[in-house]
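# just a sequence and a predicted model for now, questions to come.
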Amino acid sequence: MSPPAAESYLSDGRTLWSWLTTHDHKRIGVMFLVLTLFFFLVGGLFALALRIELLTPGRTIMGHLAYNRMFTLHGVTMVWLFMIPAIPSAFGNFLVPLMIGARDVAFPRLNLASVYLYVLGASVTLWGMFEGGADTGWTFYTPYSTTTGTAVLPVLVGVFIIGFSTIVTGLNFIATVHTLRAPGLTWMKLPLFVWAIYGTSIIQVLATPVLGMVLLLVALERVVGAGIFDPARGGDPLLFQHLFWFYSHPAVYIMVLPSMGVISEAVCAFSRKNAFSYRMIVYSTLGIAFVGFFTWGHHMFASGQSIFGSGAFGAMSMLVAIFTAIKIFSWLGTLYRGSIAIESPLIYTLGFMFFLFFGGMIGVAYSTTSLNLHWHDTYSVVAHFHFIMVGATVMAFLGALHYWFPKMFGRCFPAKLANSAAVLIIFGFITTFVPQFLLGNMGMPRRYADYPPHFQSLHVASTAGASLLAFGFLIIAAYLAWSLKYGAVAGDNPWGSDGFEWRSASPPPTHNFHVTPEYPTGPHEYAREEVPHAA
Amino acid sequence: MPPEAVTEHWGSEDARKQAAYLGMWVFIATEVLLFAGLFTAYGVYRSVYPEAFRAAQLTMEVGLGTLNTFLLVSSSILVALAVHAVRGNRPGLGGALLLAAALLGIVFLGVKGVEYSHHVREGGLPGDAYRFAEVPRVGASLFFTLYYLLTGLHALHVTVGVSVLTVLGVRSASGAFGPSYATPVELGGMYWHLVDVIWLFVYPILYLS
Amino acid sequence: MNELLRRLFFLPEQGSTFAVKVDHLHYFLLLTTLAVAVGIGTVGIVFLVRYHRRTASDATPRVVAPTWMEGLFIGVPLSLFLLWFVLGFQQFVWVMSPPQDALDVYVTGKQWMWKFTYPGGPSAIDTLVVPAGRPVRLLITSRDVIHSFYVPDFRMKRDAVPSRYTDLWFEAPKPGRHLVLCAEYCGLDHSQMRAEVVVLSPADFESWRDAQRRNLPVAALPGANTPETMAVRGERIATAQGCLQCHTVTGAPHIGPTWLGLYGRKEPLEGGGAVLADEAYLTESMMDPLAKVVAGYAPVMPGYHGRLSAEDSGALVEFIKSLRPLRPGVTAAEEPVYVPTGR
């Protein structure tokens, strides 16, 4: 095969140094993609070890301490090193400037700094893992996290540093979307992925500093005995939970909003249709970003929070579910009268919609407050957030990877193999996490190294599913790696998509566009004549 | 970056300015939320331990705190005047005003240091190190922890601000800025005003009331 | 129907009155979810088959959702969600408000065990015995980190938070045994922090409790129904100020000396000597606890000077005076009055 485009961002300087010092948003996006994939692998290996341990009650391959460290590292790696940066920092960096017809992001040097902050934070966290790793869970609940003897401090510091990387990325996107849109590209013509990244960025810049402060306080508690969260010194451990979830609940939307953006793009591209209700998707994106800040107390229904407080937080959480329901309705409507191509990104999209619906409905059930008392901190919660984090976000991540792989690297991948792998992943997911939901119904609490024997059969089913998932990921890694070098040359727009990013070459040249593109309509306007409604 | 590349990237000088301002405002928002966590903790514990907080507050040196407030507000005014001077094409005067503001910032840090040394002598230290006999430990140790966190984090911001103002002052005095290019001075000024405004919240809750 | 759905969704036995209520909401919600999921799946598959891409250049129309349809798709889920919320929140309020006549049991979580104390004795580790058909209120706290008292059969859990009490009540309709698990991660042996609720018939429960009490010195606790005496007030303050975090009323030494039988006792002091635990000593120990520390205890108690009024400290002394070991066979009058702390 001949190399793809003669001149692209990939061929503009081939030395390692040219990558390490680049200001090009596309190269930064690719670097984030490689880094987050690496940590996805690390976190996935932890998950596999956990699943193997849970095959039998009692000890299977590791003791309690090893298990406790392992699930903490799984959570920390997946949340902060993979989920949060995965779609915004990798795909957002690569695509947002392309989608808005800009040459780069607003602050390219800051953008490069965010890579180094991420690497620094990740290294400190990794160092903590080698020091023995924390055993607090990714939530660092006090007073356990301030009293346990494990290496909590490096993990806290690592996450603190990664927080800055997140803030810088978010700040950059906000400024980029506000000031660098090409002439004629008005707000309501923006691609839905850009809207999703914009909403995410708002959460990132407003919530992350609170996390930084709370982690700092826990660190101080460990180092100098500050006493802020320590009941023995007059502090209140519940204040930690309030501050922590003030960040970490919106952080869930940092993880899921970008994936909704990916799906909005993929649904339109693979059904050759405009979004069924562009307006509602935009408003619900901003709605989730806003309301997400007022739902944190739904993590604390069982903590002794006031009854009224729990009710208010429960009702607010219902609103988020409404915003999500609107999106699902709009994506389904987009398929209506489309020209639907069954390609791997579309398969992931369908899986995404289904899992998001299920995960979301379990979330609605929690918000009724009374059901939460049974499900809180059980495997039902584990299943719920894996439905959202894996079933939705990872599906969307894989969908994005497949949809934009030709754009990023100018090569196609074997389509049939990709479709089979997508189906395998979806089945693997169902077998892994539906048993976990049922385990939660049975009353199996989370973070258990050992369990009463009547839970075993469902654990075995879940582990079997996890091995299917692992197998699926291996296949994907293999054919994508192969395609990087040997895949068919993609051409500029292999999917025939009307998304704005496809207007530049694939892979794009360093300057993205030779001529500034014009934007007479919004993205994905495949038809030129108007059909007023679905009659 | 050569000028033509700049216009290519930004479209226009206006967009560039707008991005710089927007970026600064977003940054200020993150700073405010960073302090918000501490203010929340203060509010919570003050309502839990009203007497201890009151007693600890009475041991604060209101005179020094008020002096510091005066210093910061004055330096903020100087910075505002400096921005005005640079916009009015008097970068030399602007530079002098910025350096004066930085000097006031340094005096502020000095006064803060004197206060800290008094607390250390009395034993008003955070957390475990607390050994201040006058006020009971429970609650008051939290007050002092929060005192050090709030003023310490603020002092860190003052230190950064002083460095920024010094660099800007020297560059302005050497004529680097003018009416067509005042953005760095304006952004530095915004940052200094933020530092000032945060102090205007820290001061009353720690020293007054 | 109930039994069928319970097994279908892998729910455990319904061991409390709340479990029956909440399971009905559970079925309603999950069945609706499944129905809508089938609906979405069908629509998706129909679209996929019907609008499958046939040629590379299929023309598609521009279709935009009409406003009424947008309204419908917001309104229908919203009303359904609100209905669920109203139903669920009613149950939540009901289950968060313990009835007046409940039997109180103090529950203390500790790495990695549960301790149950009945006012007036006895206390037990890892086995909670309760009568059937009577509401039981658990007053839950923790000695170290946060735990969560979880009984799957009751569909209920509550966090055990150090330095404060949370409460949880349930009524088990019939005798049986139910597993208790810790649901909040609390360290190494979190997964083995288990206990059991044993529900006895009321008669069996009474005889069990009498038998237990005969073997213990019992704290004579003041009556709950009489006007608030100094001692009752003292007990309320002891709970509110967290005294009971470190001092037991059962005779067991903890972080501080037990209060049971403390009044009038000669206590050996750290560093030699002894002191008679009278009103003066007790008050001094509240205000300046490190002045005279009883031998064998660490000097860790915070001073309460400025935090307790003279009346409060007097009431506390009265409360301690009331805690005398009784002759075997005499049972305590009533359960103590519980006042929730720091919400």
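Structure's in. What do you need?
# which parts of the stretch 51-200 of chain A sit against chain B?
Taking Cβ under 8 Å from any Cβ of the partner chain, the part of the stretch 51-200 of chain A that reaches chain B is made up of A:102-104, A:106-107, A:167, A:170-172, A:174-176, A:178-180, A:183. (Glycine included, C-beta is placed from N, CA and C.)
# immediately after whatever helix or strand residue C:106 lives in, which helix or strand?
Counting by DSSP states H and E, the element that carries residue C:106 is strand C:103-110. Note on strand C:103-110: by DSSP H and E, the next helix or strand toward the C-terminus is strand C:113-117.
# can you confirm whether that following strand lies near chain A?
No: for a cut-off given as Cβ under 8 Å from any Cβ, strand C:113-117 has no contacts with chain A; the smallest distance is 14.0 Å.
# now do that strand: everything it contacts.
By Cβ atoms under 8 Å, 6 or more residues apart in numbering or on different chains, the surrounding residues in contact with strand C:113-117 are C:105-109, C:123-128, C:149, C:180, C:182, C:193, C:195, C:250.
# show me which of those residues are buried.
Among these, the ones that count as buried by 16 or more other Cβ atoms under 10 Å in any protein chain shown are C:105-109, C:123-124, C:128, C:149, C:180, C:182, C:193, C:195, C:250.
# now for those residues: which two are most distant?
Using Cβ to Cβ, the pair of the buried ones among the contacts of strand C:113-117 lying farthest apart is C:182 and C:250, separated by 22.8 Å.
# before we move on, the earlier item: which of the buried ones among the contacts of strand C:113-117 sits closest to chain A?
residue C:182 (7.0 Å; Cβ to the nearest Cβ).
# residue in chain B with the shortest distance to chain C?
Counting by Cβ to the nearest Cβ, chain B gets nearest chain C through residue B:138, at 4.8 Å.
# tell me, how many residues neighbour that residue?
21 (other Cβ atoms under 10 Å in any protein chain shown).
# and residue A:60, by the same measure?
Residue A:60 is flanked by 16 other residues according to other Cβ under 10 Å.
# now do residue A:74
As a burial measure, residue A:74 scores 21 neighbours (other Cβ under 10 Å).
# helix/strand/coil for it?
Using DSSP: H, G, I helix; E, B strand; the rest coil, the structure places residue A:74 in helix.
# list the contacts of it.
A:43, A:46, A:47, A:50 are the contacts of residue A:74 under Cβ under 8 Å, 6+ apart.
# go ahead and confirm the second one touches residue A:67.
No: in this structure, residue A:46 is not within contact of residue A:67 by Cβ atoms under 8 Å, at 10.5 Å.
# the more surrounded of those two?
Of the pair residue A:46 and residue A:67, residue A:67 is the one with more neighbours under other Cβ under 10 Å, namely 25 against 22.
# the more buried one touches residue A:53, doesn't it?
Yes: counting by Cβ under 8 Å, residue A:67 touches residue A:53, with 5.6 Å between them.
# which residues do the two both contact?
Residues touching both residue A:67 and residue A:53 (Cβ under 8 Å, 6+ apart): residue A:449.
# any stretches of the chain with poor pLDDT?
Assuming you mean chain A. A:1-6, A:528-535 (pLDDT under 70).
# you looked at the wrong chain, it should be chain B
In chain B (pLDDT under 70), the answer is B:1-11, B:127-129, B:133-137.
# got the residues of it near chain A?
B:8-11, B:15-16, B:18-19, B:22-23, B:26-27, B:29-31, B:33-38, B:40-41, B:44-45, B:48-49, B:126-129, B:138-139, B:141-142, B:145-146, B:149.
# out of those, list just those in helices.
Within the residues of chain B next to chain A, residues falling in helices by DSSP state H are B:8-10, B:15-16, B:18-19, B:22-23, B:26-27, B:29-31, B:33-38, B:40-41, B:44-45, B:48, B:138-139, B:141-142, B:145-146, B:149.
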